[in-house]
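Novice: only geometry, no sequence info:
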């Protein structure tokens, strides 16, 4: 008797979120990015539609990060303090489809740069590249709210992805996103219930559900990856099964997380058994990004150019049965 | 099977001989695995056959290797680790090619032998070696097998399509049964060979349908130690195939596919191998054969493996004690945190990252993280104070400052009461901020 391939169908699908605005939509971007839309588990083209393959963003900084590894300085050292140029390199040389501008320098403990300066940095990046932007803040609520208020206003019409709001700080940023037409990242601490609750709060203030991207908080390989991995699988399965408040696409931050991992950055002489840090720097990010992408990530914010290249290739391979890219 | 389905197979006479008043009640107990069919003296042959098959696990478990290096693969019941757990981690084998000189093979094997990582209290290492008859020459293959066997006690996989060669190779291995991977060749002679001793056999196929037919024929001979190698055309095909095989076994009860899966990765760049190995590990490959060994690749894969195959039902813990981080002196800083493995590992790592040596007091918090333990009352001032006394903290260090995780600053007052000779310093909320914190603290 012929074996019949068991296929699963789902009651629902993941929402699509479009980020960026070209002149048609009132912005200055030359491309827009759409993520989400899956009607099946990630890459399961054999049993459902997945109209938008995962997308890779890369990150630039308003001021050079203090913990930036030497292995990455090899690629970016000459432009680490020039976010516009660094963004251009990420897009033109390394194929980034979006750019995240991390405004850590505005944190009171890391430079306390002004909101106005943050706006200038974002505008510099907007002038330098045509891809959509992610604006990434920090956890000092008072300051980040002030910064995001100014940045959201200054970039009105560009439909940026403002990163992030969380359970204890969402109203101000959500309100300015709403006012100026931006999307928002809803971040939760590796907790399905908190993720869901935050989406309920946001949509409760009339924030459009199709402008929310979830960040369940990435843990890199070796530092709790399995928690993020399983939370993401659970969120994705619940969303496909019809839980309306978990039907948003998901974002991961392997670049940031892996850049802080001992295994990714420690010099070989500290641990000869670990081999070369140049390779580990890429490998750690490849493994983190690949596994969490299989768990459902649709937007990946990455750092290492080699990791980006490999994951891009894997996305193409895994998507070949579906959409033509 | 449901109680009702089982009931239909029973005599339905309510004779009570099984000790239960009605057949329906007995069927319910059988469904809950609280009874055995053998307790019914009147069960039909059909009932015995059907229920016998139904009580087999969804996937066979295969034991590989010998002695201290033996391990198991298979025995899985889930599609997702959060549904319960994955029971056996993906086994990793490194491939050796007989086109290499036996001396080279020997040294490669020794390199793999010596590669042992310690992480979160566990030893991580490669599980097996696969000797491939790339040359097609019997002599070269046998020399390669000898070179491998002489340098390792890890499990061996013999990748060779000539059954007579394999027979001789098995003889060399002297009872240490290897797994046999015939590859793209008629499998029948190999089935004949292993039918006596139940050695593990990799069944290769190019399509799901062909695999079903082949395996069915093999299992008719009574073999259970099979590993399924469904050759796939690219990552997308691979994902579909592995998902199909796993789903058929654990969701559809299709016993023909109730065996662990293998994947022999193609040679290529390490980064391609890595990405594919991650795909395999996350998506249902039980035995992964890596075409080349590198420290960086193995570190990454072994660590990822430890993550994915951690049992989500059991948080991992470290022993409660006073840990020396680096080379602390009696007046080095003292920290306290919980005994959740990840917490301990991250905090001690960050102390080291900051270039500091210190003492890390770790009471028993049942493997919970700082906030979880605090919320559950397992990381309280009282508990910390008691533990410090128990282990004689004051006799072991001169310092009388204790650095508390920032997230539980609220217990600092209580902690100073529970530890009267001590001053509580509230540390950062994030372990990653220990570096700047310590720069500041150590200057005072």
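Specialist: Received, thanks. Here the structure is a predicted model, which is why all the values come from computation and not from measurement.

Novice: Return the residues in contact with the closest residue to chain B within the stretch 151-300 of chain A.
Specialist: Residue of the stretch 151-300 of chain A nearest chain B, by C-beta to the nearest C-beta: residue A:275 (3.3 Å). (Glycine included, C-beta is placed from N, CA and C.) Contacts for residue A:275 were tallied using C-beta atoms under 8 Å, 6 or more residues apart in numbering or on different chains; they are A:268, B:294, B:295, B:296, B:299.

Novice: need the contact list for residue B:207.
Specialist: Taking C-beta under 8 Å, 6+ apart as the contact definition, residue B:207 lies against residue B:230.

Novice: If I look at it, what pLDDT would I see?
Specialist: On pLDDT, residue B:207 comes in at 96.

Novice: out of the contacts of residue A:275, what pair is the most spread apart?
Specialist: By the measure C-beta to C-beta, A:268 and B:294 form the most distant pair in the contacts of residue A:275, at 12.7 Å.

Novice: Show me where chain A has its strands.
Specialist: With DSSP state E as the criterion, chain A has strands at A:16-19, A:33-36, A:55-61, A:98-102, A:133-136, A:161-165, A:183-187, A:212-215, A:250-252, A:297-302.

Novice: Among those strands, which comes closest to residue B:164?
Specialist: Residue B:164 lies closest, by C-beta to C-beta, to one member of the strands of chain A: strand A:297-302, at 50.0 Å.

Novice: Counting by contacts, list what that closest one packs against.
Specialist: On a contact count with 3 or more C-beta pairs under 8 Å, 6 or more residues apart in numbering or on different chains; DSSP states H and E, strand A:297-302 meets strand A:33-36, strand A:55-61, strand A:250-252, helix A:254-258, helix A:277-294, helix A:305-319.

Novice: ok, that strand: who's next to it in the sheet?
Specialist: Partners of strand A:297-302 in the sheet, by DSSP bridges, are strand A:55-61 (parallel), strand A:250-252 (parallel).

Novice: what distance separates it from the centre of its chain?
Specialist: Distance of strand A:297-302 from its chain centroid, counting by C-alpha atoms, centre = their mean, to the nearest Å, is 5 Å.

Novice: Buried residues, it. List them.
Specialist: Under the neighbour-count criterion of 16 or more other C-beta atoms under 10 Å in any protein chain shown, strand A:297-302 has A:297, A:298, A:299, A:300, A:301, A:302 buried.

Novice: List, one by one, the residues from the stretch 201-325 of chain A near chain B.
Specialist: A:221-226, A:229-230, A:233-234, A:237, A:260, A:262-263, A:273-276, A:279-280, A:282-284, A:286-287, A:290-291, A:294-295, A:306, A:310-311, A:313-314, A:317-321 (C-beta under 8 Å from any C-beta of the partner chain).

Novice: Only whichever of the residues you listed are buried, select them in PyMOL.
Specialist: Burial among these is assessed by 16+ other C-beta under 10 Å; the matching PyMOL selection reads:
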select buried, chain A and resi 221+222+223+224+225+226+229+230+233+234+237+260+262+263+274+275+279+280+282+283+284+286+287+290+291+294+295+306+310+311+314+317+318+319+320+321
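
Novice: before we move on, back to that, will you turn the contacts of residue A:275 into TSV that also has secondary structure?
Specialist: Putting these into TSV (DSSP: H, G, I helix; E, B strand; the rest coil) gives the following:
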residue	secondary structure
A:268	helix
B:294	coil
B:295	helix
B:296	helix
B:299	helix
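
Novice: Tell me the one of these nearest residue B:241?
Specialist: residue B:294 (27.2 Å).

Novice: What residues does that closest one make contact with?
Specialist: Neighbouring residues of residue B:294 by C-beta under 8 Å, 6+ apart: A:275, A:279, B:270.

Novice: need those residues in JSON lines with distance to residue B:87 and pLDDT, can you?
Specialist: Conversion of the contacts of residue B:294 to JSON lines gives the following (distance: C-beta to C-beta, whole Å; pLDDT from 0 to 100):
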{"residue": "A:275", "distance to residue B:87": "31", "pLDDT": "97"}
{"residue": "A:279", "distance to residue B:87": "32", "pLDDT": "98"}
{"residue": "B:270", "distance to residue B:87": "29", "pLDDT": "96"}
